[in-house]
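Participant: A structural model of the following input is requested.
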Amino acid sequence: MRGFLLLFMMIAASSGPAAPSRTDVGDPALPCLASPPQTTGAYLETRLHIERDDVVLAGRLLVPNRPGPHPAVVILAGGGRDSQVNYTPRFIATRLARCGIAALIYDKRGTGLSGGVWEHTTFDDLIDDAVAALDHLRADPRIDAARTGLIGISQGGRLAPVVAARAGGVAFLAAASPPFVSPRETRLFALENLFARLSYAPYWRAPFLALWRDFLTRLENGAPLHPLDRRREELASYLPGSLLPPPSSRLVRSPLYNSLASDYSKELRMVKAPFLVLYGARDTVIPVETSLTHLRKALPPDAPLEVVIVPEVDHAFRYEDAARPRFRFEETIIAWTLSQAGLGEVCGESLAHAGGGECARPPAASSN
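Facilitator: Presented below is the predicted three-dimensional model:
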């Protein structure tokens, strides 16, 4: 029997000893997501516009088709600007709405139907946009403003606690694969893993990473990039150009490149809401343990942080064996969100649906 094995380890977010993160997590089974899905009429979807001083953001609100007011979340998308970046928020939003949680999703500024210029956007812009989206959500009479939260995916997970601190009154927040080290450190970690995975000769690793470090330093300091072009051309004789920083004449700015000096330690110290972070143990895009160390040091000592690390999966919760179905991380987040919103004993309901069993309770934190 595939029972509901959502096992959370309560983590004291401090610089002192902390209990190990829970890793023995199985795919949860939620009755509200039973197969085949009963989606017809389960929720109502409306278009909306979030007006900022400088841009108008285009979004959608999915509300359960049942009496309210409803608990609700704003979902923050991951990095990037292509159409695929909005797939995961929508995928999660439809499932939340089927399970009784309203969800607001929107195109980031400079993408999709939203206004703004992507190349000029910073993390601060994205944070303030998310605060505006949360304000819009709370003002809807169908929504219970006291039970509103945030869900962030990857880069959106990095920004979610900052949004919570600036907005105030957030009831809960969850993040999947969120980086909490500097954007520079995140990028270098991903590049090093990419270089190793492609099996290039080790003696090219040092000049490859050195060029990227210089590139990121110059971007952060606003220094000219053209002095790096000759070194790039030399390396391009041996490595694909796609692995190297762009030439100075073809640089396309992005929120990450515009926010390399960002530091949100002050905001993280203000986070008091229950906070779930979910990682894949084989993430090669962000350094999981280092991110957790930074997060625990930054959060208040009494912050209710819960950490789940899923064995054998990567940044997108996929297994190395491509034939194996990915870990359904969204169901873990939905189950936790339902519990935080007070929508029943999710663990008990799920086990009953699966034919019995015993609910697993979070073990007490220890110092080992």
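
Participant: The residue lying closest to S114 once chain neighbours are set aside: how many residues sit nearby?
Facilitator: What sits nearest to S114 in space, not counting adjacent residues and going by CB to CB, 6 or more residues apart in numbering, is D107, at 4.0 Å. Bear in mind the C-beta positions are built from the backbone N, C-alpha and C, glycine included. By other CB atoms under 10 Å, 21 other residues sit near D107.

Participant: in terms of contact, does D107 touch V56 like I think?
Facilitator: No - if you go by CB atoms under 8 Å, D107 and V56 don't touch, sitting 10.4 Å apart.

Participant: Give me the common contacts of the two.
Facilitator: Common contact partners of D107 and V56 (CB atoms under 8 Å, 6 or more residues apart in numbering): S114.

Participant: follow-up on the earlier one: what score does the residue nearest to S114 have for pLDDT?
Facilitator: Note on D107: pLDDT of 95.

Participant: quick one, what contacts it?
Facilitator: L57, A58, G59, N86, L113, S114.

Participant: mind listing the strands for the chain?
Facilitator: In the chain, the segments counted as strands under DSSP state E are 9-12, 43-51, 56-64, 70-76, 102-106, 143-153, 172-176, 275-280, 304-310.

Participant: Redo the ones you listed as a markdown table? Include distance to S249 and mean neighbour count.
Facilitator: What follows is those, written out as a markdown table (distance: least, CB to CB, whole Å; neighbours: other CB atoms under 10 Å):
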| stretch | distance to S249 | mean neighbour count |
| --- | --- | --- |
| strand 9-12 | 47 | 19 |
| strand 43-51 | 36 | 15 |
| strand 56-64 | 32 | 20 |
| strand 70-76 | 33 | 28 |
| strand 102-106 | 33 | 26 |
| strand 143-153 | 33 | 22 |
| strand 172-176 | 36 | 25 |
| strand 275-280 | 37 | 25 |
| strand 304-310 | 42 | 21 |
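
Participant: Lowest mean pLDDT across those, which one is that?
Facilitator: In terms of average pLDDT, strand 9-12 trails the rest of those, at a mean of 28.

Participant: Domain-wise, how is this protein divided?
Facilitator: 9-182+262-354, 188-253 (automatic domain parsing).

Participant: I'd like to know how far the closest residue to C32 other than its chain neighbours sits from P274.
Facilitator: Closest residue in space to C32, ignoring its immediate chain neighbours: C99 at 3.8 Å, by CB to CB, 6+ apart. Using CB to CB, to the nearest Å, we find C99 at a distance of 18 Å from P274.

Participant: who has more neighbours, the two?
Facilitator: Of the pair C99 and P274, C99 is the one with more neighbours under other CB under 10 Å, namely 22 against 18.

Participant: contacting residues around the more buried one?
Facilitator: L30, C32, L33, I334, L338, L343.

Participant: Mind jotting down where the helices sit in this protein?
Facilitator: If DSSP state H is used as the criterion, the helices of the chain fall at 87-98, 123-139, 155-167, 183-197, 205-221, 229-236, 265-268, 288-298, 329-340, 346-354.

Participant: Let me know which of those helices is tucked in deepest.
Facilitator: Of all these, helix 155-167 has the most neighbours on average by mean count of other CB atoms under 10 Å, namely a mean of 25.

Participant: Give me the contact list for that helix.
Facilitator: Under CB under 8 Å, 6+ apart, the answer for helix 155-167 is 74-79, 123, 126-128, 130-131, 134-135, 150-152, 170, 173-180, 255-256, 264, 267-268, 270-271, 273, 275, 277.

Participant: tilt between that helix and strand 70-76?
Facilitator: Using axes from the mean of the first three to the mean of the last three CA atoms, to 10 degrees, the direction of helix 155-167 lies 120 degrees away from that of strand 70-76.

Participant: Just the C-alpha atoms of helix 155-167, please, in PDB.
Facilitator: Extracted in PDB, the C-alpha atoms of helix 155-167 (Å, rounded to 0.1, in the frame of the first residue of the first chain):
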ATOM      1  CA  GLN A 155      14.000  31.800  -7.600                       C
ATOM      2  CA  GLY A 156      10.400  32.500  -6.500                       C
ATOM      3  CA  GLY A 157      11.200  30.500  -3.400                       C
ATOM      4  CA  ARG A 158      14.200  32.700  -2.700                       C
ATOM      5  CA  LEU A 159      11.900  35.800  -2.900                       C
ATOM      6  CA  ALA A 160       8.900  34.400  -1.000                       C
ATOM      7  CA  PRO A 161      10.100  35.000   2.500                       C
ATOM      8  CA  VAL A 162      11.200  38.500   1.600                       C
ATOM      9  CA  VAL A 163       7.700  39.200   0.200                       C
ATOM     10  CA  ALA A 164       6.200  37.800   3.500                       C
ATOM     11  CA  ALA A 165       8.400  40.100   5.500                       C
ATOM     12  CA  ARG A 166       7.500  43.200   3.500                       C
ATOM     13  CA  ALA A 167       3.800  42.400   3.200                       C
END
